Every structure is written in C-alpha cells, then in structure tokens.
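sequence unavailable; structure follows:
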C-alpha cells in the first residue's frame, strides 16, 4: 500500500501549495479591506489589520459615492441580475444548438461559417462597438434591456458554440446514428438525447457565461441605457478614478462584494461535476 | 428511447410501420427531404446572421475605416495604406507585438500545464473537492481592475514580496521584475496565469469526467502505472477539450488588455504594451479611429496567418 | 423537460422582479438634464453635488450618469450620440477633444447664454480659445486645474534640514540632494505616462519659459524643438529621474502622495487635485505640506480643466435644460462651492476668494495676471499629437536614449 500513500501525500502537497499561491491575493484583499487608510498608507501589505474595521464594507455596499448618487454598489445589483439571466440562458441554448448542428448534422458550408465566427472572437470588443451601436440603434434597441441581451448573445456566440461543438465531437457517433435509425428528427434528438447528456458542459458554459456577463463593463455601459446599468458600472466608479482620492479598503470590499454572485454559482455548481454521464448513455 | 415512430411523427395503429413519404408522390417526398435538410440550417440562422452582420460586417467596416484618416468619427476619404505604414513605423506597436508573442507562449503553456495538473489532482477523490475547486476558480470571478492592483502591490519591490521576504531575514532577496523593462511582461504572465488556470482546470475536469469509468478499471487490471494512463490514453482522449482550451486561451491572449492596464499601465514607459492596449489608446484617448482599426486588422491577419496552416492541415487530414 | 421549464420560470420571474425594482417613482417637473461625467471618487462626488444642488435650486432636475475615467466617459458620450440617445450634457476636458464632435454638427451652441452672461469678459484666453469654435460657444467651462504644482512635505524638509521653500530650479535640486542625504526619497513619483508628462510640463514651464513653451507645444516649431534651449529642458527633465526611488514605475499618484503624507518622501510634481489626498489624511496646507505653483514672480499657471458640452437635440425641454445648466455652472457662487470641494480654482477671477484654501487662493491670484496664463498640451495639440509626445517622453524618462534622438523624434511626431 506504500506507493498509494506516497501518491496521496504528493497529491495533497501539490494542492496545498497551489491553494496558497491562489489564495495569497485574496488574503491581501481581505486584509486591506479591514484596515483604515492610515494603515494602508504605511505599505505593509501582508500585515494583519490593527483594528478590525468593517466600515469599508458598509461603505462599499450602500454608501460609497459614485457621482451625485451615493448608494454604493448595491444600486445595480438587480439590474445585473436582469441582464445576466437572459444573457446566460439564451447564449447557452443557442451555443448548444449550434454545436449540435455543426457536430452531427454538418450542413454544407456551416464549417466555413463557424471558422469566420471563431475569427470574430479575436477582435477586441471595443473595436466593434461603433458599428454595433449603429446596427442596434437601427433596430431600435439601443439603450434598452433587450438591446444589451442581444449584444451579449452576439459576443458570446463564438465561445459558446466552440464549447459545445467540441464537446459533442467527443460523443460517440454510434449514439447519434442509433437515434436517427430509431426515427429521431433534428429537434427530438437534440432535446431528448443530447441536452441531457451535456450537463457537465452546460455547467462549465454557465460558469463562463455568468462570470463573463456579470463582470462585463463596457457593453453594459454603452448599450444598456441609464436605467439598466449593471453593478460593474458602480464598481468601476468606486474603484477607478484619474485624479480623485483612492480608498483602497473600500475598493477591495467592493470588488469582493461584486464577485459574490459568480462565486456562489461556482460553489453551487459542484454537484454537477459528476462522472460518467456520457459513459452511462453509451452503455444504455 | 421511445418506441419507433414513423417519420411524420404520427403513431401507427396496430404497430405497423407507415411511411407517408413513400406512399405519396415522389415530388412530395423530394420536397419533404429538402425541407428536412433545411432544418439544421434553420437552427443555425442566428449564428449565420451574427456572423454576417456583426462579425463580417464589423471587420469589413474596420478595414474601410483603416484606409481613411478617421479621427473620432469615420470619414469618407481614402488614404490607402498610409495608416499601415504609420503603424509599422511605430516603435510602440512593434514592441507590443513582440510582447504579445512572448506573453502568449508563456501564458498558454503555463495555464494548460497548471490547469491540467490541478484537474488531475482534484479528480483523485480528494476531500474538500468543492472548496478546492472554488479556491482555484475564484480569481476568474473577480474584476481584474482590483486584483491586478493587488498583484502590482505584491510584485512591487518597495512594498510587496521583496520587502516582505527581506524583512523575514533574507536581506539580499530581489524580485523586481515589474520595474525592469525586459522582465515586466513576465509579471503580467504570472498574474494572468493566476486568473485563468482555474477556468482551464474546470474545463479539463469536465473533459476528464466524461471518460468512462471502465477505462480506469481496465487500466488497473492491466497493471499500467497511473501516470502512463494519463499521458498515453487520457490526454489523447481529451483532444476536443484541449482544442477548446487552446482556442479560448488564444483568444484571451490576443485580446489581453485588463491585466496590463491594471498592473503596469503598459509601463515602465511602454515596455509592457500589448496590441489591444495600443488599439484602445488610439481609439479613445488619441481619437485616432483609423490607426486603431489598422491595428485591429493587422492583429486579425496575424491570427489568421497562425491559424490557417492548422485548419488546412486538419481539413486535409479529414479528407484523407 | 422539467429543468428547462424550471429555468424558464426562474428567468421570467427574475426578469420581472428586476424590471419592477428598476422602475422609478414618477419624477417631479422642471427641465431634466442627464449629465455624463467622470467625477466618481468621494471628493469629486461632493464637488459634482454642488453643481447638481445649484441646478436643482434653479428649478431643474439633475439625472446623474457617472462613468469612471475620462476616456471611458467620453467614449460613452460619443457612442450615445451616434446611437441617437445623447445625454443632455457631457463632460470633456478643456481641450480639442470635442472639436471632431463640433465638426460633425452634433453639438448645440450656447451663444445665447454666453452673450447674456458675458463669458468673453471673465474667461481666460486659454479657455476661450477652446470653447469658442468658429465664433460659436460650444462648451461651458466648469473648472480650472493646474497640473504642475510642486508639493513638499514639511516633515521631510525639516528632517533634511531644508529651511526655506526652494525658489528656483537650482534650489530645488539642492533640496533634493539634501533629502537624498537624509535617507529620504527625494522625489515621490508614480511611473505612469501621464505623470511623467506632468513633470515634463513643469520643467518646460519653469526652465523653458513662456516663449519656448508656446513655440514647442502650440506652434510645434521644429527649429525650437531641435534647439539648445529645449535640449536643456529635456536634460533637466531626465536629471530629475535620478531622484526617484526604484519602485516608482506603475505606482498610482495617490501612493506617491502617501509617501509625502507619511514623511517618507520630500517632493512631488502633481496637480492641485493632490490636495484631496492630503485633506483625507487630515493634513493642512502651510502646516503639514507646502504648495509651489512655480518658480519666479512670472511663473506660468498651466490651465487644464473641465467643460460641459451640450449634444444636439431638438427637444425644446432639453434645450431649456442645457441653457439653464450652462448658466448655473458658470455662476460665481456655484464656482466657489465647486472649486472648494474639487481642489480646482474657479473659471472666473471675480469671485469671493476667502472661502478657498491657501493654495487655491495663490492660484487665483496668479490667474489674475493674463501673461501668466497658459494652456496645457491638450489645449494646443490634438489628442493624437499629445499622445505621441507622451509616448516619447515616457520612453526617455525610463530608458537611456541620447537627447538629440529624442528631440528628433518629438519634431517628427509633432510635424
């Protein structure tokens, strides 16, 4: 049994060191958020705060001034939710559909279309904003919730399609052929066979999409309109300034608060990272 | 699966199969076949629209703008390749391309290796897997504006790691890459790897979990050492996952912007500049839409040049 | 599909909840002004509140849209103009940033307000040259900042044995040497491109003088740029780099000011907004820190500032709001209240200066002399030229490049 033990020790040691590396910045963020500005100015990054002070957290959540309004980052919370939910469900649905059609049905010319789509993923977002503003304005959706959701669908399509296309490429072709022989059509096979099998990838896609949309700043700023501004706008207003004072403790608290939603999603998604779902389908 | 149904979806009485298509005229059957063939295309309509209107449209628009002298707004004049000439005369742009190449290679290799190792180790039925997964994923959830600043503090020789280690008793410890013109790009790599490894781990884990349990049992029966299994069997099986990871990381590399702005602002001077920052600076701060568009097109062409041979080889391999 | 239906239900519920919560109560009447600006920090927010309070007192409604970082805010403004949903007013710098917007015919002019309130009479030449385009007034000035103040920590000076405030560049170098000798950081600096440029502007103004400054930045005269006098300016600029601590690259300006506040460093070149950091730490001008506007009795006061532009709209209500806003923000009382909170000085000298702090009073006094007013780079050059110059200067600051090569590069970039 010895090699097994050594193996286990090795595994845990590696994970422990990795965890240390990953957690170090979080430690600094938390510790900074609990210090007063005087302490922070002394520049002792790793030192524990002399007095635990939760003022920065309260300020960040509900009192920080971001312009004339002083409501902290809380103000945009529900806006972010209203943007994130449709902007997660729809792109994932479309991405899965695209991946499915590309992987199994392979209509003529679709691969070329996919190649152009992937190339589009390399264009920095800001370069595309000007023409997109004109298009969205022409449809009449500029500065609205449907408008920002549409923009998110457009920008996340390459990655979502890629995820599912490659995921379905790993599914044995016999499965699909068997389903077709059984008489399944395009939609039936998708909804009844492929989607249920895609749970791990749906989770990963959800993680990526929720994080990406929740943390999106530029698109929400330009396309959502003043009444739908996401939380990241207030966050950036709290953190970023050219010539204003920087309250680092409030900044750190605000960042951690804003990231709570994606973090909660990661934690909750755990139970779907289960083994052998595809394997089970092959056997059955 | 449900019991077999006829192609039209109607449940046949008495269990006898009916093929309405065949029973009807051949022209009608032909139409049905064409329509059925169109269904996948119909489903791909959103993608087609997006590609044509958004991506292709925006690229062509950028191309047109890059051949004009547009400042804040697009302009109608035509100056040919003048902006591209200006671009290639620009030392800052050349440096940004070099930085991108260096950053790209290091970042992708490090992230893939670390992400894979993390996925493999977490997959070993360790205790506290949920907590560990969150530990490795949380950097991805946080806004890089703040976390980048934290990394800048940590890597700063005056207030960060160097000073802390020196205070702990190693007075000669130096770690001042971030103020070194040649080494500053490595610090951006470190912070980016920290941010992205968790996501790669998650993707690899999903891929690993899709591998049949039977495989592990069979390998153990055959007496193959674990690491051999991973290298020779599992890794090839994860081909599509690896492909996804590489493409994702590649797009991240080409667009890297937040990391540089938050950590070094492109400095010291312009030593850690990257193409995306160059483009952004000229798009907004310098009100030079044409030059920024030229930069974007050059970036796209570079990506195309790198990717085209791979695609060509793959299509040849598939048809062979 | 149970879970698909569940997701659909959750989506719909959350969307409805979000929409319901996002709805605002019915608004009161009065000309509505949606204003985009980038004043988001604590002190800046207090400042912009003085503007919104004054506007409300005059009967209007202020709808705030704060967007951090100037470049970001301006890009949002332009995108919204292009998308057909412009704000009522938007912040720009006292610069040529909005000239392209004027050219496209996207701005309303404020000629009526300018004539009625007599803008020509009290606005400095540098500001007028920017807001008056082709004879029409396209922007309302809000503030005047000076980017090249020289701040020093009294505690650090005491420790280094420096008795008097330096009165010339040579005395400054002597003081820096003394600070180095006392083991302190002589020059606190944040190594970001725009901060390097502030140091350069300060040297150009104090060592080069008014004529050279205008010849280089306004006229972009190649002979002046390649000449001996400008070479001297560049060498002095580079000489200052030797007094900076090793860890300066990338540092935020606030962290550099923090070094002065904690007495670890002696001097910093920074704009008048630095007062905010000192005030936050409970320090006062004259007691804990000193501010030098420039060396000599005719030192230049470099004008950098903020203006509001008014996007074109035919809405009669918006037009009313714009004119009211333009009038309110340039009024003397508003100017004093705003400047106090912002750290800037009022755009007009005919105000009651007693409520301003020591450094601001100093600034206002200098502003009264028309010969000492001068614009910053943004006033004379396009954003692109300004940026190109910034790139060259920051490279020179950080690397060892022969000064003649720099002169040639600058002449090329500003052609």
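Thanks, I have the structure now. These figures come from a predicted structure and were not determined experimentally.

grab the nearest non-local neighbour of the residue minimising distance to the centre of chain B.
Nearest residue to the geometric centre of chain B (Cα atoms, centre = their mean): residue B:248, 1.9 Å. Excluding the flanking residues, the one nearest residue B:248 by Cβ to Cβ, 6 or more residues apart in numbering or on different chains is residue A:159, at 6.6 Å. C-betas here are computed from N, CA, C, even on glycine.

got the domain boundaries for the chain?
By default, I'm working from chain A. Chain A breaks down by automatic domain parsing into domains covering A:2-53, A:74-283.

right idea, wrong chain: chain C
C:31-145+C:305-368, C:149-302+C:375-413.

before we move on, the earlier item: pick the most buried one from the domains of chain A.
Stretch with highest mean neighbour count among the domains of chain A: domain A:74-283 (a mean of 21; mean count of other Cβ atoms under 10 Å in any protein chain shown).

what's the mean pLDDT across it?
Averaging pLDDT along domain A:74-283 yields 86.

which residues does residue A:187 contact?
Shown in contact with residue A:187 (Cβ atoms under 8 Å, 6 or more residues apart in numbering or on different chains): residue B:39.

for it, pull up the helix or strand it's in.
helix A:186-189 (DSSP states H and E).

same check, this time on residue C:64
In the assignment (DSSP H and E), residue C:64 maps to strand C:61-66.

please state the offset of that strand from the chain centre?
21 Å (Cα atoms, centre = their mean, to the nearest Å).

indicate each strand paired with it and its parallel or antiparallel sense.
Paired with strand C:61-66 in the same sheet, following DSSP bridges, are strand C:32-37 (parallel).

which SSE is immediately downstream of the partner strand?
Assignment by DSSP H and E places the next element after strand C:32-37 at helix C:42-57.

quick check: mean pLDDT across that next one?
92.

not counting sequence-adjacent ones, nearest residue to residue C:59?
residue C:30 is the one closest to residue C:59 (Cβ to Cβ, 6+ apart), at 5.0 Å.

ok, now which ones touch that neighbour?
C:59, C:60, C:61.

what backbone torsions are found at it?
phi 120, psi 150 (degrees, to the nearest 10).

could you measure from it over to residue C:56?
Residue C:30 sits 8 Å away from residue C:56, going by Cβ to Cβ, to the nearest Å.

which neighbours do these two share?
In contact with both residue C:30 and residue C:56: no residue, using Cβ under 8 Å, 6+ apart.

the residue in the stretch 301-415 of chain C that chain A sits nearest to: neighbour count?
Across the stretch 301-415 of chain C, no residue is closer to chain A than residue C:343, which sits at 8.4 Å (Cβ to the nearest Cβ). Neighbour count for residue C:343, taken as other Cβ atoms under 10 Å in any protein chain shown: 27.

now swap in residue C:120 and tell me
11.

can you say which helix or strand has it in it?
Using DSSP H and E, residue C:120 falls within helix C:119-122.

so what touches that helix?
Outside helix C:119-122, the residues that reach it (Cβ under 8 Å, 6+ apart) are C:113, C:114, C:128, C:137, C:330, C:347, C:348, C:349, C:350.

buried residues in that helix, which are they?
Of the residues in helix C:119-122, C:119, C:122 count as buried by neighbour count, 16 or more other Cβ atoms under 10 Å in any protein chain shown.

next one: that helix to chain centre, how far?
That offset, for helix C:119-122, works out to 22 Å (Cα atoms, centre = their mean).

what packs against the following helix or strand past it?
Sequence-wise, the next helix or strand downstream of helix C:119-122 (DSSP H and E) is helix C:125-131. Applying 3 or more Cβ pairs under 8 Å, 6 or more residues apart in numbering or on different chains; DSSP states H and E, one finds that helix C:125-131 makes contact with strand C:139-145, strand C:301-309, strand C:373-375, helix C:377-380.

can you redo the domains of chain A as a markdown table with distance to residue B:119?
Shown next, in a markdown table, are these (distance: least, Cβ to Cβ, whole Å):
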| stretch | distance to residue B:119 |
| --- | --- |
| domain A:2-53 | 11 |
| domain A:74-283 | 10 |
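
out of those, nearest to residue B:182?
Nearest to residue B:182 among the domains of chain A is domain A:2-53; the distance by Cβ to Cβ comes to 24.1 Å.

check whether that closest one contacts chain B.
Yes: for domain A:2-53 and chain B, the contact criterion (Cβ under 8 Å from any Cβ of the partner chain) is met by A:7-8, A:11-12, A:14-15, A:18-19, A:21-26, A:28-29, A:32, A:43-46.

for that domain, what is the average pLDDT?
86.

ok, stretch C:134-147 next?
Computed over stretch C:134-147, the average pLDDT equals 94.

can you tell me if that stretch touches chain B.
No: using Cβ under 8 Å from any Cβ, stretch C:134-147 stays clear of chain B, coming no nearer than 14.3 Å.

quote the end-to-end distance of that stretch.
Terminal residues of stretch C:134-147 lie 28 Å apart, using Cα to Cα, to the nearest Å.

for residue C:381, see how far away the spatially closest residue to residue C:380 that is not a sequence neighbour is.
Nearest in space to residue C:380, with sequence neighbours left out and distances taken as Cβ to Cβ, 6+ apart, is residue C:218 at 4.1 Å. From residue C:218 over to residue C:381 the distance is 8 Å, taken as Cβ to Cβ.

for those two, indicate the residue with more neighbours.
residue C:381 (20 against 15).

that one contacts residue C:217, correct?
Yes: in this structure, residue C:381 is within contact of residue C:217 by Cβ atoms under 8 Å, at 6.5 Å.

skip the chain neighbours and tell me the closest residue to the residue of chain A found nearest chain B.
Relative to chain B, the nearest point of chain A is residue A:120 (3.3 Å; Cβ to the nearest Cβ). Spatial nearest neighbour of residue A:120, chain neighbours left out: residue B:55 (3.3 Å); criterion: Cβ to Cβ, 6+ apart.

and residue A:179, by the same measure?
Nearest one to residue A:179, counting by Cβ to Cβ, 6+ apart, is residue A:189 at 4.8 Å.
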